[in-house]
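**Student:** Generate a structure from the sequence data that follows.
(chains A and B)
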Amino acid sequence: MSGTRAMAILVAKDLRIEMRAISLAGPLILAIIAACALGLALPAGPLRHGSGALCMAVLVAGLLSIERGMALERQDDALASLLLIPAARAVLYPAKLAACLVHLATISLVVTPLCIVFFSMDLGDSLGRVALAGGLGLVAIAALGTVFSAALAGGASSRLLPAVVAPLLLPVVLLVARGTPSPGVLLAFDAVFVAAGWIGFDALMEEVA
Amino acid sequence: MTRSRRHVARGFWALTLASLALAISLAVRAPTEVSMGTVQKVFYLHLPVAIHTFVAALAVFVAGAGYLAMRDARWDALGHAAAEVTLLNGTVLLLTGSFWARIAWGQWWTWSPRLTFSLLLWLLYAALLVVRSMVPSPERRALVCAIYGVVAFLDVPLVYLSVKLLPDIHPESIQLTNELRVVLAAWFVPITLLTLGLIAARYGVLRAGASAEADRAASVAAAGAHP
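**Tutor:** Sure thing, here's the model as predicted:
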């Protein structure tokens, strides 16, 4: 089995599980509640308030969704069984990352229009730049969320995921919310997060196997 | 600890205390800066501590990379010791910075990019120590903390570059007379010695603890094998 095919099967499997369990509903509702609460607390007007609220809503809901996804994978040692599939181990991290990105993009697609309305965000000419920065921010959340959810899965420590990953992601969230001057900085963050995540995930899978 | 090592350690701490006493006396005698007044003397502690917060964070990064490459528990102990010292230095950095801000800007805290990223740096290493206490398996804990230490280091260049990347009221640099530069240089000596000494001391304690734990586990296993 080729790596690409193995990856496509793994991503499809993750998405199918999510659709059957409707496990994205909880994080989505949480994201909407966070957007509403921040909309009430912060005044509309500055673009920074809207983009900051959007980032926080996606971060909190995204981490919850990633933690739930990995908890499903850990049930009945499904992860150990997955490692028996030929070529699966090499593409397990990118496959999990891609599935996470789909979840995060879904949450963003629901919450972004809400934040635009609640905060009267006038994106104007900066729509492309904001979308690019937001996309790079999602890659960062998925890259670290995937590896740390695998590392902390099982036992009480899994509940720590937001406390562990959020401080690591806050620099990215701040750069996205404040309107980073160049996407190069975010790209550098993504590159390091994905590289460290891949190395760490492989090491964790050695333990599982 | 052997006798000769104990002598070296005592000599090291005596040198550290002597250099600290010299630095304090130089700072007290140094002329008062015109615009800021006496509070400017906080800067002699603030800048070296800031630099050594980065140095300790670099040690966590190197230890994390070392552990990922070699899976040796000594790298994990070094990362643990350096993370504690990063947190300590970061605390002093935030307190001295806040004190400076109260006099210079009229408020204890402002959400300027450099202050925000410095607070984040502190938060990152506090979270790293929390993770350490929450993961029960030593191998898993070392692996998680190694990845964390490598990724957390990314905030260090951001703290440094924040004043260039984003609009900030924190000064990029401060002009000092030659006399004040000498005082500042004198403060780098005790802070460097304190940072390295504390990392080495904590590393020794952690390694001794791990060794005692391994001995205890071996004796329990031996007792189980021969009832």
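**Student:** What's the local residue count around B:P136?
**Tutor:** 10 (other CB atoms under 10 Å in any protein chain shown). (Each C-beta comes from the backbone N, C-alpha and C, glycine too.)
**Student:** so it, which of the three states?
**Tutor:** coil (DSSP: H, G, I helix; E, B strand; the rest coil).
**Student:** Repeat that for the one 4 residues further on.
**Tutor:** Remark: B:R140 carries the secondary structure label helix [criterion: three-state DSSP].
**Student:** Let me see the contact set for B:S219.
**Tutor:** B:S219 makes no contacts at all, as judged by CB atoms under 8 Å, 6 or more residues apart in numbering or on different chains.
**Student:** can you confirm it is in a helix?
**Tutor:** Yes. B:S219 forms part of a helix when assessed by three-state DSSP.
**Student:** any idea how far it is from chain A?
**Tutor:** 27 Å (CB to the nearest CB, to the nearest Å).
**Student:** I'd like the distance between A:R178 and chain B.
**Tutor:** 6 Å.
**Student:** same check, this time on A:A25
**Tutor:** 29 Å.
**Student:** Report how many residues lie close to that residue.
**Tutor:** Every residue meeting other CB under 10 Å relative to A:A25 is counted, giving 11.
**Student:** so what's it up against?
**Tutor:** So A:A25 contacts nothing (CB under 8 Å, 6+ apart).
**Student:** can you pull the pLDDT of it?
**Tutor:** With respect to pLDDT, A:A25 scores 82.
**Student:** So, low pLDDT: which residues of chain A?
**Tutor:** A:1, A:44-47, A:76, A:154-158, A:179-181, A:208-209 (pLDDT under 70).
**Student:** Which helix runs longest in it?
**Tutor:** Ordering each helix of chain A by length in residues (DSSP state H) puts helix A:88-118 first.
**Student:** Show me what from chain A comes close to chain B.
**Tutor:** A:144, A:147-148, A:151-152, A:155-157, A:160, A:163-164, A:167-168, A:170-171, A:174, A:178, A:180-181, A:185, A:189, A:192-193, A:196-197, A:199-200, A:203-204, A:207 (CB under 8 Å from any CB of the partner chain).
**Student:** Show the buried residues in the residues you listed.
**Tutor:** A:144, A:147-148, A:151-152, A:157, A:160, A:164, A:167-168, A:170-171, A:174, A:178, A:180, A:185, A:189, A:192-193, A:196-197, A:199-200, A:203-204 (16 or more other CB atoms under 10 Å in any protein chain shown).
**Student:** Inside helices: which ones of these?
**Tutor:** Short answer: these in helices (DSSP H) are A:144, A:147-148, A:151-152, A:164, A:167-168, A:170-171, A:174, A:178, A:185, A:189, A:192-193, A:196-197, A:199-200, A:203-204.
**Student:** What separation is there between B:Y203 and A:L161?
**Tutor:** To A:L161, B:Y203 is 29 Å away according to CB to CB, to the nearest Å.
**Student:** Same question for A:V173.
**Tutor:** A:V173 is 16 Å from A:L161, by CB to CB.
**Student:** do B:A186 as well
**Tutor:** Distance from B:A186 to A:L161, by CB to CB: 46 Å.
**Student:** What of B:L184?
**Tutor:** 43 Å.
**Student:** same deal with B:Y44?
**Tutor:** 41 Å.
**Student:** And for B:P138?
**Tutor:** 20 Å.
**Student:** Among the two, which residue is more densely surrounded?
**Tutor:** A:L161 (22 against 12).
**Student:** List the residues that contact the residue nearest in space to the middle of chain B.
**Tutor:** What sits nearest the mean C-alpha location of chain B, by CA atoms, centre = their mean, is B:T86, with 2.7 Å. By CB under 8 Å, 6+ apart, the contact list for B:T86 reads B:53, B:56-57, B:59-60, B:121, B:125.
**Student:** Next: B:R132.
**Tutor:** B:80, B:83, B:141, B:145.
**Student:** Chain B against chain A: which residues are in contact?
**Tutor:** Residues of chain B lying near chain A (CB under 8 Å from any CB): B:68, B:113, B:116-117, B:120, B:123-124, B:127, B:130-131, B:134-136, B:139-140, B:143-144, B:146-148, B:150-152, B:154-155, B:158, B:165-166.
**Student:** how about the helices in chain B?
**Tutor:** So, for chain B - with DSSP H - the helices run B:3-29, B:42-70, B:73-104, B:113-134, B:138-152, B:155-165, B:178-225.
**Student:** any idea which of those helices is most buried?
**Tutor:** Ranked by mean neighbour count under mean count of other CB atoms under 10 Å in any protein chain shown, the helices of chain B are led by helix B:138-152, which reaches a mean of 23.
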